[in-house]
Each structure stands twice: as C-alpha cells, then as structure tokens.
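Participant: sequence-free structure coming up:
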C-alpha cells in the first residue's frame, strides 16, 4: 500500500501548519525547510502555486496520494452541493479517518495500519482497506481479538468526541451517524482553492 513515509516535521514546516499534530520543531523553526528557508526575500507565490500548495496540504493531512485524491474529487464533483465541501465529507468518511476520529488510533497513519492489519470491523465484518467508504449508519469497531491491544487502549484513553460519530465504550465500537458539515470538520484546509486548481 503506497503512502508517504518521509519526514513529517519538514512537511509541517513547508505549510507552516502542524498538520501531523503538535510539533516542537515547527515551533522552533517556523519557516520553510532547506538552506534558503529562513531568507526574508521570497518570491511571491502565483495563484497556481497557492492552489497547488493547498491541495498538497490536504493530501498530506489525510495521507492520500495523488490518484486517490483525484478520484475522490471526481466523485465529489458529481454529487449535488458544493464540490469542496463534498470533497472533505468523502475524505472524512474513509475508514482510516473514521478510525482516527473515533479515537481508536492516535494518528491517521496508525489508523491505516490497524485497518490493514485486520484489527477493524465494519458492521461486524473485518475490513482491511483503509480507503473503504463508510456510510451513514455503519458501525465501525475493534475486532474481538484486538480489543486488548495496548496501542488501542492507550489511544482510547485520550479520545476526542465529534458530533457525527457515536461511541460505545463497552463494545469498543462507534456509529457513523452522518457526513459532517464543513463547520464541524476541524482541519485548516481551504477547499475552494483545490476546486479552482482542478477546474483549470
């Protein structure tokens, strides 16, 4: 399964945003990486450059590669409503992201690993495809044999709650109630710039 496995602090510094969570290196060096990163004189970014950077930021945030991201965008553009919001809703409904949002994993990368290693079920059936699209009403849970895993129990101790997800502490499973609205999604992404980029 293809995924980005490079240095994360460099990516966070590139976008000046802690997209992988709190980052002490970003706090110390709040400028782009590279030997010229701290120079005051920087070229003004073009409109295309700004749009491209926003798309790259979204891809790195959710851990999606180019082909998958383009496919999701095409799917979003065919749906009724605002394309940019549809894009984020579809990404939020990916199984790896739902596992992360439920608090079963501390990061999306960890969530992707739990899914691919067959620790996660959807409606009682093991699903090992991180890009699997969860639908409204689906039950996402931890497989019975995996409930004692230290990585899962540690993550659940500090889980956050989201209005579009319902969590059952006893069964270690959550329900995907509905697609979140744009206001409910906490990610700092300007989705309209992505739409403008793909519309060229």
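Facilitator: Alright, I've got the coordinates. These numbers come from a predicted model, not from an experiment.
Participant: any idea how the chain splits into domains?
Facilitator: Per automatic domain parsing, the structural domains of the chain span 8-90+188-198, 94-178.
Participant: lowest-confidence stretch among those domains?
Facilitator: Considering those one by one, the lowest average pLDDT is found for domain 8-90+188-198, at a mean of 79.
Participant: can I get the domains of the chain in TSV with mean neighbour count?
Facilitator: In this view, the C-beta of every residue, glycine as well, is placed from N, C-alpha and C. Conversion of those to TSV gives the following (neighbours: other CB atoms under 10 Å):
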stretch	mean neighbour count
domain 8-90+188-198	15
domain 94-178	17
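Participant: same for the lengthiest helix in the chain, what does it pack against?
Facilitator: Ranked by residue count and defined by DSSP state H, the top helix of the chain is helix 47-62. The criterion is 3 or more CB pairs under 8 Å, 6 or more residues apart in numbering; DSSP states H and E, and the helices and strands that helix 47-62 contacts are helix 8-15, helix 66-78, helix 191-198.
Participant: Same list, those helices, but as a markdown table with distance to residue 160 please.
Facilitator: Below are these laid out as a markdown table (distance: least, CB to CB, whole Å):
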| stretch | distance to residue 160 |
| --- | --- |
| helix 8-15 | 20 |
| helix 66-78 | 24 |
| helix 191-198 | 22 |
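Participant: closest one to residue 60 among these?
Facilitator: In terms of CB to CB, the element of the helices and strands packed on helix 47-62 nearest to residue 60 is helix 8-15, at 5.2 Å.
Participant: For this structure, just list every one of the strands.
Facilitator: With DSSP state E applied, the chain shows strands at 120-122, 125-126, 139-142, 165-168, 173-176, listed in chain order.
Participant: Compare the ones you listed and report which one is nearest to residue 61.
Facilitator: Counting by CB to CB, and looking across all of the strands of the chain, nearest comes strand 165-168 at 18.5 Å.
Participant: Residues in contact with that closest one: which ones?
Facilitator: Contacts of strand 165-168 from elsewhere in the structure, counted by CB atoms under 8 Å, 6 or more residues apart in numbering, are 98, 101-103, 159, 161, 173-177.
Participant: Could you rerun that using 6 Å?
Facilitator: 101-102, 174-175, 177 (CB atoms under 6 Å, 6 or more residues apart in numbering).
Participant: Report the separation between residue 189 and residue 136.
Facilitator: Using CB to CB, to the nearest Å, we find residue 189 at a distance of 22 Å from residue 136.
Participant: Same check on residue 111?
Facilitator: Taking CB to CB as the criterion, residue 111 is separated from residue 136 by 20 Å.
Participant: Could you do residue 73 as well?
Facilitator: Residue 73 is 21 Å from residue 136, where distance means CB to CB.
Participant: next one: residue 112
Facilitator: Look at residue 112 and residue 136: by CB to CB, they are 22 Å apart.
Participant: swap in residue 157?
Facilitator: Residue 157 sits at a distance of 28 Å from residue 136 (criterion: CB to CB).
Participant: got the contact list for the residue nearest to residue 124 when sequence neighbours are not counted?
Facilitator: Leaving aside its sequence neighbours, residue 124 sits nearest to residue 139 (CB to CB, 6 or more residues apart in numbering; 7.3 Å). For residue 139, the contacting residues are 123, 173, 175, taking CB under 6 Å, 6+ apart as the criterion.
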